[in-house]
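Trainee: Dropping the sequence and predicted coords here.
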Number of protein chains: 4
Amino acid sequence: MSRFHEPQHADFHRLNASIGFDRRLWPQDVAQSRAHARMLAACGIVAEADRDALLAGLDAVEHELREGAFAFAPDDEDIHMAIERRLTEIAGPVAGRLHTARSRNDQVVTDLMMYARERCAHAREAIAALMAALLARAEEHADWPMPGYTHLQRAQPVYLGHHLLAYFWMLARDRARFAFAEAQAGSLPLGAGALAGVNFDTDRRMVADELGFATVAANSIDAVSGRDFILDYLNAAATCSTHLSRLGAELVLWSSAEFHFCELPDSWSAGSSIMPQKKNPDAAELLRAKAPRVVGHLAAFHGVMHALPLTYNKDLQEDKEHMFDAVDTLELTLAGATGMVTGVRFNRERMAEAASDEMLAATDVADLLVRLDVPFREAHGVVAGLVRTALDSDRTLSQLTEQELAAHSETLAAHGAQFHEVLEQSSWLESKVSEGGTSSARLGEQLAAARTVLDESAGA
Amino acid sequence: MSRFHEPQHADFHRLNASIGFDRRLWPQDVAQSRAHARMLAACGIVAEADRDALLAGLDAVEHELREGAFAFAPDDEDIHMAIERRLTEIAGPVAGRLHTARSRNDQVVTDLMMYARERCAHAREAIAALMAALLARAEEHADWPMPGYTHLQRAQPVYLGHHLLAYFWMLARDRARFAFAEAQAGSLPLGAGALAGVNFDTDRRMVADELGFATVAANSIDAVSGRDFILDYLNAAATCSTHLSRLGAELVLWSSAEFHFCELPDSWSAGSSIMPQKKNPDAAELLRAKAPRVVGHLAAFHGVMHALPLTYNKDLQEDKEHMFDAVDTLELTLAGATGMVTGVRFNRERMAEAASDEMLAATDVADLLVRLDVPFREAHGVVAGLVRTALDSDRTLSQLTEQELAAHSETLAAHGAQFHEVLEQSSWLESKVSEGGTSSARLGEQLAAARTVLDESAGA
Amino acid sequence: MSRFHEPQHADFHRLNASIGFDRRLWPQDVAQSRAHARMLAACGIVAEADRDALLAGLDAVEHELREGAFAFAPDDEDIHMAIERRLTEIAGPVAGRLHTARSRNDQVVTDLMMYARERCAHAREAIAALMAALLARAEEHADWPMPGYTHLQRAQPVYLGHHLLAYFWMLARDRARFAFAEAQAGSLPLGAGALAGVNFDTDRRMVADELGFATVAANSIDAVSGRDFILDYLNAAATCSTHLSRLGAELVLWSSAEFHFCELPDSWSAGSSIMPQKKNPDAAELLRAKAPRVVGHLAAFHGVMHALPLTYNKDLQEDKEHMFDAVDTLELTLAGATGMVTGVRFNRERMAEAASDEMLAATDVADLLVRLDVPFREAHGVVAGLVRTALDSDRTLSQLTEQELAAHSETLAAHGAQFHEVLEQSSWLESKVSEGGTSSARLGEQLAAARTVLDESAGA
Amino acid sequence: MSRFHEPQHADFHRLNASIGFDRRLWPQDVAQSRAHARMLAACGIVAEADRDALLAGLDAVEHELREGAFAFAPDDEDIHMAIERRLTEIAGPVAGRLHTARSRNDQVVTDLMMYARERCAHAREAIAALMAALLARAEEHADWPMPGYTHLQRAQPVYLGHHLLAYFWMLARDRARFAFAEAQAGSLPLGAGALAGVNFDTDRRMVADELGFATVAANSIDAVSGRDFILDYLNAAATCSTHLSRLGAELVLWSSAEFHFCELPDSWSAGSSIMPQKKNPDAAELLRAKAPRVVGHLAAFHGVMHALPLTYNKDLQEDKEHMFDAVDTLELTLAGATGMVTGVRFNRERMAEAASDEMLAATDVADLLVRLDVPFREAHGVVAGLVRTALDSDRTLSQLTEQELAAHSETLAAHGAQFHEVLEQSSWLESKVSEGGTSSARLGEQLAAARTVLDESAGA
């Protein structure tokens, strides 16, 4: 019997029902119910025979769900009620004992925490796959010069392998974020009941062990009111997506005719409905476009939690759609990034040509002056003057005359040979000998360090 | 000399200059320059006498800044240039040697990482202070009954101490987030130069040790392109602010005449310009109102990073204002929360009266039936029927007749004494014996655990 | 034949395909194609017989779509390609003529603009329905006193009808926002081609007329690059949702036992899985919870547009999911709000009791002093002192003695009768005689004005 | 006298005070007080002599504020209290009469609405200036070919003037948004009092007329509770900023060595602290970077309004900082955009060279086949095949042999002369004859239309 006289309004049902999206939680819900049933029996709260009937019934329900044979009913408001309803049909009144010492409030959040832990683990694996792809390509292209950019202006040459590894380290941090998020989803809410704990001395540690939780939530109110772990997942996903958006944007840029640094494989490109010649980097553009979506979920769910009174409120139901779409989006874009990084072909000649722009040696000339005991700030001014003289007369630095050099710096004129030596390309890259710099030796160290990071995590 | 022919447009200067907000980084900038000068000398890149001149000059600059005697010039675009300009005035041309093997790109991000680590540490302390305040109030009110709410409907009674501790555990997680963010700001960028490393074999580990960085950034491009650590701070601040918004909202709610569960001290309340009787919880409302602001900074800075090509771009200058306002907002609201939690007076009588609503025992009656071997789902239906019968006739559950009881459940009617026993208040609280529940024994465990958590961190 | 050698990667297809969500645009796509075919024939670009074949084919396709008989193929990337593919199957090679002088770029945005206009019109109607519901309830409760709150503290009494009308005027502005958004979606993009216009002198005004566009886009690049009209819809929806969140939050608050100002109908309430007594305002909570979601879509789509180079980029495909979910959310919550406003029962007695709190007359006492020629600021101080004296001795204002009155204000003591007269309830409401105030006469004017606003729009 | 026993806590004061940012509202506050004083006298609520004293006092206060001679006191919580405090010092007790029939609640929102109207008007002017700059540059470059891009791939050639006008029309819509926002701030809140109206029959229309409001707010509760007009401003600013971010991003892209389509003037460029050769488009990057900030304010302020109970709450104080920073940011970036658009030099040769890529004629070849009665979809396939054949053998389309043409299309081979004619550049641009297309005739129409739009608004 219900305490209500009237049935739900159809619009209320549409607004309220979550079965359309929460059905993906069925594996967690079944696993949780199994653990709960076993614990209830172990604590003497339900009989062993009842436990066995519940477990058998849950097996049958799980089988239907796994096989796609589960028939959802119009009144199934959420996956939890759907499973309980079906369990009752299969197992009879004993099914009614399963909800002993459990509320939908702690049940729902427990399912979702299990799901979050699973997706964090998946994200870490998918990130590792992308890191491995980046590392492989970095090793292949460890000695391909390209211009490094600041402000999208050519600044100093670097090796392509060095540039690719920049993404490797971003992703390594993303992996740490997902590990943090996973740990934050490691405290079992089940047993908190509606909000105050339950009227039975349950064994929450037993359930936690079976379901892989490291500990149990210390406070029943916090357990059903909080959704930090969702925010932690969304935060990790948002930062990772923002990183992927930078990668996607660079692939788009480098695929342009003007840059022409790379070409995506046909299998990751799209044509045009009207322009027969077009080969478009749609997937790379979508890497770029999806980050605001994930950030949107993060910000929106903060908005949902904002100012909410304790304990459980229906508002919390919004957690699932924000989380699920973020999961789907992230997992798809990580796969896309890995596919593109693996398949993209770089254009060695074009990159080298762009990197050979003599202006990129300006800092190196200034540093030559520093070695000749000119303070850096003064050296910088000297070279700026040379640059201006060259640009004003449409020449390169090496085309300046000895007189012009002397007019800007007697010191430099006196060391003209070294000046011209600096203006040869290879020295610009190989002189970046500081730790973490782009010189071959330093890049070699870095590649080795990256390999170690990856191997260690694979073993873990 | 400059490579440019024309001076900056006045509007460009206004748009571009950061001195208005980045001057707060002066302590970090001076400390960094000291460490850099020492390292340059140790590596033989500048002479020891020059190092000493630089250090003496930096002392003088720092003194001016600390005393408020530093005169900013109209052309000081940022704090770094201002300090270098003043150092040059004080120390002469040797000041020009300080920027050897350093770019503003790695300099700026190093300052900001030092700042971030400092504010993370401060946040953890301020959070601990609030946790201590909550724990103290929870201990004082460990046996004050109040209604627990779900959906803002009275659900089951809890002790006020239990409710207050829910915030304690939220904040404990916030502290973990700031510890994570602090660790993420622990990899020294300095030495990355503009983007490719520098033309000198510098000793980055020496600088890292002096400035308290755990390690050095592995990739020079990543070092100057990334701002994850800002996102990590903003994320921790956003989640903490969202928690504070819930606390603020509850203080507002409980201060209403209708709830009347608490009264804020005069020192944390405001009057009205027109209504002489008003005592308004302005500070609690601001706790509530500030969370979207911090979340806004988090989302906005993700937007700034979105799709940015590597390496440094001017867009990154936006990092500071988003970060600084988040820092100021969080630190002020944490102080406010601590002040209010410490000073608020709770209304024992009013809370107890609200908690004594007999309807809150409905679950307990259902659980009584469970103990009498009725499946929970069936028991729930029986009690729902009793509730409806009572409401329809404007009576309480204990006013139902034996006949009415029997009409809904023979079992219950047969155990009428137990039924009436359950409908007495104290049992509703004390029966929540599950781990993490509100019963006194469990709450006692929880208070002890909270005290341990706090003491351990104080020792750390 | 394709320009590509390899087929699409499966992950690329999953990332790229939009058919999962853009199929809802089929009515717009068919209508657009009809108009386009007619125009092509009118301009002599296709033969009349071909036009007729195209129209007949489109009729057949539309019939299948409407009846749910349309078989989507695995390769149908989007609804436009699906319809063209099916049209080709039905009508043969002539179908290939339909894409003459049209690109998917202008086709997609045209469909979406038609859809946006349709949903704006629907939103305006749904808002009008909610306004009508509010006005009806306001008329019914025009003379029910309740406390008005500032800072959630009782401030001054108002009539419930006055309070309900506050939402009426918010919604009237929301309607204006949707009218603005609708107008912004009134400039036909079709004919812009891929980006530069098309190689045929088409008649865009003819297409605009058939499809209900007020004008044609002036610039072909802008036409395919811009999505302002999506932002305009999302903005209108976000502000409206924020308004609904305030309404939802008040319904939750007023449904609490502590306020007890209203009770939602059973048909808009939910029970609890564990607590049989609970009647939860889930729908009202969801009104509250959905606003951040819509705001999230607005912010996210700004993020998508951020820094995008002209003209069309694949990123723009994100427009649809953000828009569609916002549409569905808004339409559902508007229906929910209307249902709840219509069905909620207010508690006259409880509201009146809360409104009769004598402290709410404090401003009126101050204004009495103003009429006795005391400057308001001084009068405010006098009454604040009376309030403090009363609170300190746990009495009401009317319980203060004549001596106490005199101690604070000789003037007030000299007009003790008027003082006590002010402290009678009805005067507090009826004295708010300023335009837009809560006095019955002013509220009557307002109800009439609201009726006029609603009637005018119904006629429009 | 105050109703409070204790002074404010220092942290509360820091959290609560708004004087740090709301002092910019002093012109509005003084103007409002003048109008209020005049109205009070006109309605007989204050004496004419008192009015004159108030007006004289306000003149004195305004003079101090305008001259920077106003001494703020430590206790000045906000600008309204500061002005009232100073007025009292200057005018004596009569100053206490000014707050008659006014509350800070309606006073604050009235000031802010006046400010919003003023900034909307300013934004419309600043946008018009940018539109004028764009139009002037478009006229100058009406016949400069450049490649149009989709997916950042060269797609079809357009004239630079056509491309620049795309921004013109975006901005025209932004102007309409600000006009809408301005109208939404046109309903006077003053007279709503704290929330319920005031105890005097004031003449709100008189005040509205003096302060330039079109109408008076119909409902006193709505008047003090709502901040839609802030959201409307923020929305207009966010969309405009997003447009500016696209312009900024294109300037950055076009300034790269790879594109080299333009060069920013020295006066809008920055150098590098380490690389003497660098000329960086910092201002253009900041145009790009500021949009997320304004969007952040929009989203954050939605968050503040979310779920707020009526009527005034302190949370609303957040309106000002979000608004003010958005105003400052928008006004600065609009000035920056105008400066850069005016000063940027385009590179005709480089653009023309990029536009002459023969592949950009692929659609035109397909359309040639359409004119020869081949269905477009079939023609598209023919040309895609030609493109593939050419790319596979590293040739251009015009280098294909007659046999190769025939292998793909007999029709095309039979019209070889026309095929080669299409492959000449000018036809690709001039054939875009549809309304709004890039052909010279259509672009001429568009320039004229743009001029008309601008002239009309200047006259308005």
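Mentor: Thanks, I have the structure now.
Trainee: tell me the domain ranges of chain A?
Mentor: In the assignment given by automatic domain parsing, the structural domains of chain A cover A:10-100, A:105-354, A:355-459.
Trainee: which one of these is the most hemmed in?
Mentor: Greatest average neighbour count among the domains of chain A goes to domain A:105-354 (a mean of 24), per mean count of other Cβ atoms under 10 Å in any protein chain shown. Every C-beta, even on glycine, is put in place using the N, C-alpha and C of the backbone.
Trainee: low-scoring stretches of chain A, by residue?
Mentor: For chain A, applying pLDDT under 70 flags the ranges A:1, A:425-427, A:458-460.
Trainee: In terms of helix, strand or coil, where does A:S398 fall?
Mentor: Look at A:S398: counting by DSSP: H, G, I helix; E, B strand; the rest coil, its state is helix.
Trainee: Could you save the domains of chain A as TSV and add columns showing distance to chain D?
Mentor: Listed next are these as TSV, based on distance: least, Cβ to the nearest Cβ, whole Å:
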stretch	distance to chain D
domain A:10-100	17
domain A:105-354	4
domain A:355-459	4
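Trainee: wait, which of the ones you listed is closest to chain C?
Mentor: Each of those has some distance to chain C by Cβ to the nearest Cβ; the shortest is domain A:105-354, at 2.6 Å.
Trainee: Could you give the separation between the terminal residues of that closest one?
Mentor: Taking Cα to Cα, to the nearest Å as the measure, domain A:105-354 stretches 60 Å from start to finish.
Trainee: next one: that domain to chain centre, how far?
Mentor: 2 Å (Cα atoms, centre = their mean, to the nearest Å).
Trainee: for stretch A:86-101, same thing?
Mentor: For stretch A:86-101, the gap between its own C-alpha mean and the chain's C-alpha mean amounts to 40 Å (Cα atoms, centre = their mean).
Trainee: and the end-to-end length of that stretch?
Mentor: In terms of Cα to Cα, the two terminal residues of stretch A:86-101 are separated by 20 Å.
Trainee: cool, stretch A:252-262 as well?
Mentor: End-to-end distance for stretch A:252-262, by Cα to Cα: 9 Å.
Trainee: For it, give me every contacting residue.
Mentor: With Cβ atoms under 8 Å, 6 or more residues apart in numbering or on different chains as the contact definition, stretch A:252-262 has outside contacts at A:146, A:251, A:263-264, A:281, A:284-285, A:288, A:344-347, A:350-351, A:354, B:309, D:147, D:149, D:151-154, D:253, D:256, D:258-259, D:354, D:357.
Trainee: Mark which of those residues are part of strands, please.
Mentor: Cross-referencing the contacts of stretch A:252-262 against strands under DSSP state E gives A:146, A:263, A:345-346, D:147, D:149, D:153-154.
Trainee: next one: the helix or strand containing A:H80 to chain centre, how far?
Mentor: In this assignment (DSSP states H and E), A:H80 forms part of helix A:79-91. Between the centre of helix A:79-91 and the centre of its host chain there is 36 Å, according to Cα atoms, centre = their mean.
Trainee: just checking, what packs against it?
Mentor: On a contact count with 3 or more Cβ pairs under 8 Å, 6 or more residues apart in numbering or on different chains; DSSP states H and E, helix A:79-91 meets helix A:19-22, helix A:26-42, helix A:48-67, helix A:104-140.
Trainee: And the first one, what does it pack against?
Mentor: What it means is helix A:19-22. If you count contacts as 3+ Cβ pairs under 8 Å, 6+ apart, helix A:19-22 packs onto helix A:79-91, helix A:318-343.
Trainee: Just the CA atoms of that helix, as PDB, please.
Mentor: Output of helix A:19-22 as PDB, limited to C-alpha atoms (Å, rounded to 0.1, in the frame of the first residue of the first chain):
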ATOM      1  CA  ILE A  19      15.600   4.500 -15.900                       C
ATOM      2  CA  GLY A  20      16.500   6.000 -19.300                       C
ATOM      3  CA  PHE A  21      20.000   6.600 -18.100                       C
ATOM      4  CA  ASP A  22      20.700   4.700 -14.900                       C
END
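Trainee: Which residues outside that helix are in contact with it?
Mentor: Contacts with helix A:19-22, where a contact means Cβ under 8 Å, 6+ apart, come from A:72, A:76-80, A:82, A:320-321, A:324.
Trainee: can you do 7 Å?
Mentor: When contacts are defined by Cβ atoms under 7 Å, 6 or more residues apart in numbering or on different chains, helix A:19-22 is touched by residues A:72, A:76-79, A:82, A:320-321, A:324.
Trainee: Figure out how far that helix is from the centre of its chain.
Mentor: When distances are taken as Cα atoms, centre = their mean, helix A:19-22 is centred 24 Å away from the chain's centroid.
Trainee: separation between A:L429 and A:A448?
Mentor: Distance of A:L429 to A:A448, computed by Cβ to Cβ, to the nearest Å: 19 Å.
Trainee: same question, A:D319
Mentor: 42 Å.
Trainee: ok, and the most centrally placed residue in chain A, which helix or strand is that part of?
Mentor: Centroid-nearest residue in chain A, with Cα atoms, centre = their mean: A:C240, separated by 3.0 Å. Assigned by DSSP H and E, A:C240 falls within helix A:228-255.
Trainee: and A:L334, how far is that from D:Q8?
Mentor: Distance check for A:L334 against D:Q8: by Cβ to Cβ, it reads 52 Å.
Trainee: scratch that, A:A166
Mentor: When Cβ to Cβ is applied, the distance between A:A166 and D:Q8 equals 51 Å.
Trainee: and the closest residue to chain B within the stretch 101-250 of chain A, what are its phi and psi?
Mentor: Per Cβ to the nearest Cβ, A:G197 is where the stretch 101-250 of chain A lies closest to chain B, at 1.9 Å. Torsion angles at A:G197 (phi, psi; degrees, to the nearest 10) stand at phi 90, psi 180.
Trainee: these two touch, right, it and B:S434?
Mentor: Yes - distance between A:G197 and B:S434: 4.3 Å, which falls inside the contact criterion (Cβ atoms under 7 Å).
Trainee: Mind exporting the C-alpha coordinates of stretch A:443-456 to CSV?
Mentor: What follows is stretch A:443-456 as a C-alpha-only set of coordinates in CSV (Å, rounded to 0.1, in the frame of the first residue of the first chain):
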residue,chain,number,x,y,z
LEU,A,443,66.0,14.3,-25.0
GLY,A,444,67.6,10.9,-24.7
GLU,A,445,67.4,11.1,-20.9
GLN,A,446,63.8,12.2,-21.2
LEU,A,447,62.8,9.3,-23.5
ALA,A,448,64.4,6.9,-21.1
ALA,A,449,62.5,8.5,-18.1
ALA,A,450,59.3,8.3,-20.0
ARG,A,451,59.8,4.7,-20.8
THR,A,452,60.4,4.0,-17.2
VAL,A,453,57.3,5.8,-16.1
LEU,A,454,55.2,3.8,-18.5
ASP,A,455,56.8,0.4,-17.7
GLU,A,456,56.4,0.9,-14.0
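Trainee: Good, wrapping up.
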